[in-house]
Each structure stands twice: as C-alpha cells, then as structure tokens.
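Enquirer: Everything below, folded, please.
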Amino acid sequence: MKGYAPYLPFTRNSKGQFLLNYNAYMDQKEPNHFIFSDGYMNTCPVFSYYPNQNGLYNLHGNVAEWTCSEVEPTAGVKSSMPLYKVKGGSYMDPAPCVWARSFTALPASKGDSRVGFRMVLVSKKGA
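Expert: Numbers count the residues shown, from 1 in each chain. From the prediction side, this is the model:
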C-alpha cells in the first residue's frame, strides 16, 4: 500500500483495515497521530480485528507472550532471578516490535498487563 511503512503489510489488510491491536502512533498514515487510533486503549477481545491473509485472528499484538526460554542477562545487567523470553509485542508497542521474532526478557515474578500467553489446541487425528 502506497505511503505505508514497510512493516505495515501485517498490520492492515488490502483495504487498510487493522488486523491487530498495537500502538499505531508511528504509522505514517494515521491522522493526527492519535496513539489509540486502532480503536482500543488496552487489550481487546478476540475477533476485534479482521483476519490476516491466512484466516488467522490476533496473530500479532494485543499482548506479548511469555515463553519458557530462559535468557542470559546482557552484559552489565544483573538479575537475581532467571529471565524468560517475552516474544512479540502488545497494544503499547509500535508495529516493528509486535513481530513474533522481536523479544525482550522479564523475570517470571514480574506481572505486566502487556504480557500474556497463547493457548494452542493440538488435534489428535484418529483419537
């Protein structure tokens, strides 16, 4: 879509409709650069946005996801607790940070409204 930053194809469909809950402040096409221009100030219910080209809803954004992957602290950072990888981004993050490949690290004891987990249903064929 002409005029959109390169990361935006996964944030909107071909009609320009939002596909995820994220901080759209940095979008070049947003009128008045209003921080909650995607419609939600915080988290949003499932099916609040259109599905992506594969028919999947809420694949990115809304809340970042805890993983069980332990992360070593970076040089100069001390942590008395193990740090775990938090992947993707939340409703507070700009589009470049909501990709599944982006991550940060937090101790498991840290509560944060921007972090959650994803439930996965695995189907057993023939069961």
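Enquirer: Residue 20 - how many residues pack around it?
Expert: Using other C-beta atoms under 10 Å, residue 20 has 25 other residues around it. For every residue, glycine as well, the C-beta is placed using N, CA and C.
Enquirer: So what does the closest residue to it other than its chain neighbours have for phi and psi?
Expert: Leaving aside its sequence neighbours, residue 20 sits nearest to residue 61 (C-beta to C-beta, 6 or more residues apart in numbering; 3.5 Å). Main-chain dihedrals, residue 61, degrees, to the nearest 10: phi 80, psi -160.
Enquirer: What count of nearby residues applies to residue 61?
Expert: 29.
Enquirer: so what's it bridging to?
Expert: When assigned by DSSP bridges, residue 61 has beta-bridge partners residue 21.
Enquirer: Was I right to think it contacts residue 22?
Expert: Yes. Applying C-beta atoms under 8 Å as the test, residue 61 and residue 22 come out as touching, 4.1 Å apart.
Enquirer: still on that earlier bit, what sits against the residue nearest to residue 20?
Expert: 20, 21, 22, 88, 89, 90, 91, 93, 98 (C-beta atoms under 8 Å, 6 or more residues apart in numbering).
Enquirer: now those residues as TSV including distance to residue 113 and pLDDT?
Expert: Shown next, in TSV, are the contacts of residue 61 (distance: C-beta to C-beta, whole Å; pLDDT from 0 to 100):
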residue	distance to residue 113	pLDDT
20	17	84
21	13	84
22	15	81
88	15	85
89	13	84
90	8	87
91	9	84
93	13	83
98	16	82
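Enquirer: anything in contact with each of residue 61 and residue 22?
Expert: Counting by C-beta under 8 Å, 6+ apart, the shared contacts of residue 61 and residue 22 are 89, 90, 91, 93, 98.
Enquirer: Could you export these to CSV, including columns for secondary structure?
Expert: Output for the shared contacts of residue 61 and residue 22, formatted as CSV (DSSP: H, G, I helix; E, B strand; the rest coil):
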residue, secondary structure
89, coil
90, coil
91, coil
93, coil
98, coil
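Enquirer: out of these, who's nearest residue 46?
Expert: residue 91 (13.7 Å; C-beta to C-beta).
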